[in-house]
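> next comes the sequence, and after it the predicted model I'd like to discuss.
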Amino acid sequence: MLAIFRQKSMPDKKNYSPTPVVNEKVYIGRMHCRCCDKMYPQRKSIYERKGMLNGHRPQIARVKPMGIDLTTLIVLFLLGLLLAGGCYILVSTPVPALTAPKSNTTNTNTHGSNEIMATGDVDVHPVYAALDENVPFAVRFTFTGNPNSLYCVGAWIYGGNTTATYSQIWTNGNFSNTSASWQWRNQSYYTNFITNESGVFSHWLVLRSTGTIPNSGYDYVLRVRFREWNGSSWVTLNTVQYSYLNGTFVLINVTQSGSNWIESGGWIWGYVNSSTRTPLDNRVVVVKASNGTVLGTAFTEINGIDEGYDANGSGYYKVAVKAGTDYIVESWYDTELIGTVAGVTVNGAQGTHVDISASSTGEGITAFTILLALSGILLISRTKYGKKRQ
């Protein structure tokens, strides 16, 4: 073992200068601190060798600066984009929390040589709809078929007279928000769509009554029909139907007392705002009964739908429902419930004002949030860890 002896007298730390080694042991692999007279492992990354050789107590020093370099920032940013993309996929799925039972479904699908049994279903529909073209309502559907294939969906109210038109549908330019318009049943009231790689497509349909009263005593219905293209013509796959007599679809008069198979109703109107009082566009508003039944649906402005509400400003909505009490008004952003107001009362032929304060915008993690988080991490790394301890 290598041993060297140094003079035992302790040096003055302030005025100390290295002296010949006389009577102090220094072992290979270990270092001796003359300040506290203890042996320490010789780890340069933990203890400063220079301080030891000058007779000072070892100082703990950082192994490596913790500041984030450009490469790390890029990686974190890409991870943030992936997370935001995952949130987008999540909110693009159907709304299971709003699912309503079907009253009657008929399937006439033959498909020929197709391996997949293509079919459509309705996730959300309102029990009540206004006999008024100024108060539309919304229906959400989900379709499952062949991947990347062309299908179409149509929806309408039928009241017993084959020559009458009881409703219109907002075609929405094949769900592209272009060339959209209201279509009559005896015109092109079907909207085309293409399934994704999994063979699924889900979206909202917006309809409105034309004000035409169904035939007296006729069990009028709301129908949603799905078709596929067989190469030369459209073939009906299945139809989902709701009717007046079983209480799953009821037209209401929101301007006067009900009569002739039309019940008395009112409406709920107001604004959906964020926690900072910012109006939220294009959010779904759902009115429910205390037992969870969906009674009415609508979209907030601005939503790209020509129903005449744009002048009321962003966040405005109007939903028709039957007169009643203990209603629950909810605001949704696809699968996320962002606001709720309970205990709402609606009187016949009158409007009830209900503003909804949303707990979130429903848009998930935004690019601004990601950049803000990265900036915070960078700031902490530069101040708490990046600065060498004194």
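Cool, got the structure. Every value quoted in this text rests on a predicted model; they were computed, and no experiment measured them.

> phi, psi of Leu207?
Main-chain torsions, Leu207, degrees, to the nearest 10: phi -130, psi 170.

> so how far is Asn172 from it?
For Leu207, the distance to Asn172 equals 12 Å [CB to CB, to the nearest Å]. From N, CA and C alone the C-beta is placed, and that goes for glycine too.

> again with Val329
Val329 sits at a distance of 25 Å from Asn172 (criterion: CB to CB).

> so for the two, which sits in the more crowded spot?
Neighbour count, other CB atoms under 10 Å: between Val329 and Asn172, Val329 has more, with 26 against 20.

> Gly348 is in contact with Ile262, isn't it?
No: applying CB atoms under 8 Å as the test, Gly348 and Ile262 come out as separate, 11.9 Å apart.

> return stretch 288-304 as CSV; C-alpha atoms alone will do.
Output of stretch 288-304 as CSV, limited to C-alpha atoms (Å, rounded to 0.1, in the frame of the first residue of the first chain):
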residue,chain,number,x,y,z
LYS,A,288,-82.6,15.6,-20.1
ALA,A,289,-85.4,14.5,-17.8
SER,A,290,-84.5,13.6,-14.2
ASN,A,291,-84.3,9.9,-15.3
GLY,A,292,-81.7,10.7,-18.0
THR,A,293,-84.0,10.6,-21.0
VAL,A,294,-82.8,12.9,-23.8
LEU,A,295,-85.6,15.4,-24.4
GLY,A,296,-84.0,18.0,-26.7
THR,A,297,-80.8,18.7,-28.5
ALA,A,298,-79.2,21.7,-30.3
PHE,A,299,-75.8,23.3,-31.2
THR,A,300,-74.5,26.6,-30.0
GLU,A,301,-73.6,29.4,-32.4
ILE,A,302,-71.6,29.8,-34.5
ASN,A,303,-72.1,26.4,-36.0
GLY,A,304,-72.3,26.7,-39.7
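
> that stretch: which residues count as buried?
288-289, 294-304 (16 or more other CB atoms under 10 Å).

> low-confidence ranges in the stretch 151-300 of the chain?
For the stretch 151-300 of the chain, the stretches with pLDDT under 70 are 177-178, 185-187, 257-261.

> partner strands of the helix or strand encompassing Tyr327, with direction?
Under DSSP states H and E, the secondary-structure element containing Tyr327 is strand 324-333. Sheet pairing of strand 324-333 (DSSP bridges) gives strand 284-288 (antiparallel), strand 336-346 (antiparallel).

> buried deepest among the ones you listed, which one?
Highest mean neighbour count among these (mean count of other CB atoms under 10 Å): strand 284-288, with a mean of 24.

> contacts for that strand, please.
98, 124, 126, 138, 204, 268, 272, 294-300, 317, 319, 321, 327-334, 344, 356 (CB atoms under 8 Å, 6 or more residues apart in numbering).

> can you rerun that using 7 Å?
Outside strand 284-288, the residues within contact range by CB atoms under 7 Å, 6 or more residues apart in numbering are 98, 138, 268, 272, 294-300, 317, 319, 321, 327-332.

> any idea how far Val139 is from Asp219?
Distance from Val139 to Asp219, counting by CB to CB: 19 Å.

> these two: which is more packed in?
Remark: of Val139 and Asp219, Val139 carries more neighbours, 24 against 15, as counted by other CB under 10 Å.

> doesn't that one fall inside a strand?
Yes: the assignment for Val139 is a strand, going by DSSP: H, G, I helix; E, B strand; the rest coil.
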